[in-house]
Structure formats: structure tokens, C-alpha cells
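Novice: this one's sequence-less:
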């Protein structure tokens with residue numbers, strides 16, 4: 001379910017006071033695209049990780065060369081964002097306990113019990129975090145010349161927003177997603193998987209970014225999702 005991107009206090013809002021959302025640079029989110037208040041666009045891709053330290057020297061050098069080539073191929077800026085969120089593996093542990101109860105082989109039963117105890121203690125005594133990597137691809141429609149009066153109005157009304165016509169939005173979005181395809185192709189060439197976030201996923205990302213105290217932990221349900229190479233204490 002989509003959530004409104006704002007940070008509200010628990011008390012009643014004083015008369016004439018503006019919400020925090022009115023001061024954000026995000027104007028709206030539609031068609032998998034963030035429309036900023038200045039009319040520029042953003043697309044966000046989530047990117048898989050790779051364990052660089054476990055690769056051989058030749059593989060590391062090849063990966064560095066590929067990344068260098070990727071950066072040099074860009075004629076537009078990108079932003080790389082990493083978020084760390086607490087890991088919730090209760091669902092995974094419950095699934096293991098269910099397997100333990102049905103296990104008939106005594107040796108496997110013992111090993112499963114020991115594994116459950118190990119993971120439980122690991123989570124109990126260490127703050128286990130999951131790293132998620134994002135690449136933000138922007139597109140600027142172009143700077144517009146503003147008069148002195150327009151600049152003064154913008155100072156006193158920072159929440160003002162440039163509105164795009166639908167056909168203009170589609171044209172600029174097409175250019176933006178050409179950039180996204182270029183970035184995705186280069187990252188795929190380095191063995192990294194990419195997914196472009198949808199509208200609801202973008203809303204969820206921004207909501208959790210501005211509401212850290214209420215953001216839910218990352219829930220792990222299967223061992224395939226538990227990538228130990230991406231965990232940190």
C-alpha cells in the first residue's frame with residue numbers, strides 16, 4: 001500500500017504551519033519516475049552486490065577495469081546510494097523449527113538444532129544489518145532563465161513546483177529510461193543484477209528514508225535470501 005511521504009508530529013498542527021512534505025524536493029511520483037519540484041526527473045535502480053574480497057586477483061582487476069570503463073562511458077551524473085537496515089529473520093527461524101519438528105534423521109535433527117541456536121545467538125548479540133544498493137539516474141530538462149521577481153518568489157515559496165504537461169513528461173521520461181538502460185547494461189556486464197523500482201516501490205523507499213524510526217526491518221524467509229556476504233555488524 002502506498003504511503004504518504006511526510007513526517008508528522010503526534011500533536012495537532014498549528015494554524016498556518018506547513019507540513020514537512022511541503023519542504024521536500026520531491027513533487028510527485030508516477031510511472032516509476034520521481035518528478036522533482038524543479039521539473040527534473042529521477043529513476044532509481046536497486047543493484048545486487050558482489051563479494052570483491054573473495055575474487056581472485058585477475059577477477060578483481062577485471063571488475064575494476066569494467067567499472068572504470070562504465071564511469072568513463074557516462075555523459076550524465078549518477079548517484080550511488082547504500083542503505084543499511086536491521087535484519088529480521090524470525091520467519092526464517094520459524095520455518096527451520098517447523099522442519100526440525102518433522103525431521104526423523106537424528107543426525108540431521110541435531111545439526112538443524114545447532115544451526116538454529118547459532119543463528120539465534122548471532123542475531124541476539126550482534127546488530128545484523130542488510131545492505132541495499134541503489135543507483136539514482138537523473139534527467140534535467142534544462143535550466144530556465146528566471147527573472148529577478150521569479151527568483152524572489154522562489155525564495156519565499158520553496159515548495160513551488162514546475163508542472164509538466166503529460167506529453168512533455170513522456171518525452172523526458174523516455175530520455176531518462178534510455179539512460180537507465182545504458183546503466184543497467186553496463187552493470188549487468190559486471191555481473192550485477194538490476195531492477196528499476198516501480199511507483200509503489202519508490203514511495204516505499206522514500207517513506208522509509210524519511211521515517212527511519214517506523215521503517216520495518218528487512219524480513220528474511222529463506223536461506224537463499226540470507227546473503228552472508230552482505231551482512232555487517
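Specialist: Yes, it's here. Here the structure is a predicted model, which is why all the values come from computation and not from measurement.
Novice: list the residues that contact the residue most central in space within the chain.
Specialist: In the chain, the C-alpha closest to the average C-alpha coordinate belongs to residue 134, at a distance of 4.9 Å (C-alpha atoms, centre = their mean). Residue 134 makes contacts with 44, 45, 46, 47, 80, 81, 82, 83, 205, as judged by C-beta atoms under 8 Å, 6 or more residues apart in numbering. C-betas here are computed from N, CA, C, even on glycine.
Novice: how far away is the nearest residue to it once chain neighbours are set aside from residue 169?
Specialist: Spatial nearest neighbour of residue 134, excluding adjacent residues (C-beta to C-beta, 6 or more residues apart in numbering): residue 81 at 4.3 Å. Taking C-beta to C-beta, to the nearest Å as the measure, residue 81 falls 24 Å from residue 169.
Novice: with residue 88 instead?
Specialist: 38 Å.
Novice: now do the helix or strand harbouring residue 195, average pLDDT.
Specialist: Here residue 195, judged by DSSP states H and E, is contained in strand 194-196. The pLDDT scores in strand 194-196 average 92.
Novice: same thing with stretch 139-158?
Specialist: Computed over stretch 139-158, the mean pLDDT rounds to 53.
Novice: wait, a strand at residue 134?
Specialist: Yes. Counting by DSSP: H, G, I helix; E, B strand; the rest coil, residue 134 is found in a strand.
Novice: for it, list each beta-bridge partner.
Specialist: residue 46, residue 81 (DSSP bridges).
Novice: and it, how far is that from residue 78?
Specialist: Distance from residue 134 to residue 78, by C-beta to C-beta: 10 Å.
Novice: what do you get for residue 29?
Specialist: 19 Å.
Novice: who has more neighbours out of these two?
Specialist: With neighbours defined as other C-beta atoms under 10 Å, residue 29 and residue 78 compare such that residue 29 has more, 21 against 14.
Novice: run through who's touching stretch 166-184.
Specialist: By C-beta under 8 Å, 6+ apart, stretch 166-184 touches 31, 33, 35, 41-43, 45, 73-74, 76, 78, 135, 137-139, 141, 164, 194, 196.
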